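Asks: the sequence and its predicted three-dimensional model are supplied below.
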Amino acid sequence: MLQPTGERLIEEYYQQTAEDYLIYLFHVVTYNFAKKFTQGNKVLDYGCGSGFGTAMLVGECESITGVDISSAAISYANSHYKAECLSYQVIEPAEKAPLPFDDGSFDCVLSFQVIEHILALDEYFTEVSRVLCPEGKFIVATPDRATRLLPFQKPWNIWHVKEYSVSSLQRLLNRNFCDVEILRMGGDQDVIQIELNRTTRAMWLTLPFTLPFVPDFVRIRFLKWLKRLRGRTATAKNSYKFDQSALHISSDAHPSFNIVAVARKRQA
């Protein structure tokens, strides 16, 4: 059974508070943004989680495949989202095995809210590039650490190994791809404040356990304890005074919740 950890989003578990609903909308807006790159193409959703975002693109692309290292997530996706051009598949972590696809299999690779979880970045980028066709596009979305963390702070999200700023993500992608365009996700002021309140609270509440000199096992033990204090239950959708139209992706959104990058495969 797929559990609502907060990292693999299950729609019915993200309706009970305005904060959760906003996180849900971040995903919706990101996948909607991707439609302009996926239209008529063969698409890989690398780290698809529960699969709801992958399913949003059915009808836009020629075919789309969602992959994830969680067998529970893929089982959930297969049972909840079905379409002729849609498939889901369990994969091994990048450091353990290559993606089970031929070279140049996809016109576009999406990887949303994934890179912050990955230690084996070289293998991850190598596989993304390998399965992309010539001129293929790689689209990444990841939290913007500038609005979530103090400059020296480790992630307060228990599942994140590293969070990126605009400049650090730009440097990373420039080393592996070309024509990198960095965009930001922002929103209306009242909506921005909901997310800023949430992240500021987490930023200060998790100190000093997220300071750089604290061993990771201590940080994680504390964060697990903190996480147990808040559970999620599926509830009927509440009514909120905002929807996805309150969010936008642009080059100058400030403050930004997420960084969205578009890059092209570098030719050998």
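Replies: Happy to help now that I have it. Numbering: from 1, shown residues only.
Asks: which stretches of the stretch 101-250 of the chain form strands?
Replies: Ranges of strands in the stretch 101-250 of the chain, per DSSP state E, counting those that start in this stretch, are 106-112, 132-143, 177-187, 247-250.
Asks: mind checking the pLDDT average for the longest helix along the chain?
Replies: When the chain is parsed with DSSP state H, its longest helix is helix 18-38. Here helix 18-38 scores 94 as its mean pLDDT.
Asks: one step back: could I get the strands of the stretch 101-250 of the chain as a markdown table with distance to residue 200 and mean pLDDT?
Replies: Glycine gets a C-beta too; all of them are placed from N, C-alpha and C. Output for the strands of the stretch 101-250 of the chain, formatted as a markdown table (distance: least, Cβ to Cβ, whole Å; pLDDT from 0 to 100):
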| stretch | distance to residue 200 | mean pLDDT |
| --- | --- | --- |
| strand 106-112 | 24 | 98 |
| strand 132-143 | 14 | 97 |
| strand 177-187 | 16 | 97 |
| strand 247-250 | 19 | 96 |
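Asks: looking at the ones you listed, which is buried most?
Replies: Comparing these by mean neighbour count (mean count of other Cβ atoms under 10 Å), strand 106-112 ranks first with a mean of 24.
Asks: how far away is residue 141 from residue 60?
Replies: 17 Å (Cβ to Cβ, to the nearest Å).
Asks: ok, residue 214 next?
Replies: 44 Å.
Asks: the two: who's more crowded?
Replies: Neighbour count, other Cβ atoms under 10 Å: between residue 214 and residue 60, residue 60 has more, with 19 against 14.
Asks: pretty sure that one contacts residue 35?
Replies: Yes. Using Cβ atoms under 8 Å, residue 60 is in contact with residue 35, at 4.9 Å.
Asks: how about the helices in this structure?
Replies: 18-38, 52-56, 71-80, 121-131, 166-176, 189-205, 216-228.
Asks: so where's this protein uncertain?
Replies: The chain contains residues with pLDDT under 70 at 1-13, 230-238.
Asks: try it again with 50
Replies: Of all residues in the chain, none has pLDDT under 50.
Asks: find the centremost residue of it, please.
Replies: Nearest to the mean C-alpha position of the chain, by Cα atoms, centre = their mean, lies residue 113 at 1.4 Å.
Asks: would you confirm that residue 85 contacts residue 66?
Replies: No. Look at residue 85 against residue 66 with Cβ under 8 Å: they stay out of range, at 11.8 Å.
Asks: counting neighbours, what do you get for the nearest residue to residue 161 once chain neighbours are set aside?
Replies: Among residues not flanking residue 161 along the chain, residue 119 sits closest, at 5.5 Å (Cβ to Cβ, 6 or more residues apart in numbering). Residue 119: 12 surrounding residues under other Cβ under 10 Å.
Asks: could you shift the numbering so residue one becomes 34, and keep it that way?
Replies: Happy to do that; since the first residue is 34 now, the last one works out to residue 152.
Asks: how near is residue 152 to residue 126?
Replies: Residue 152 is 9 Å from residue 126, by Cβ to Cβ.
Asks: again with residue 257
Replies: 21 Å.
Asks: could you do residue 186 as well?
Replies: 26 Å.
Asks: for residue 157, grab the count of nearby residues.
Replies: Residue 157 has 22 nearby residues by other Cβ under 10 Å.
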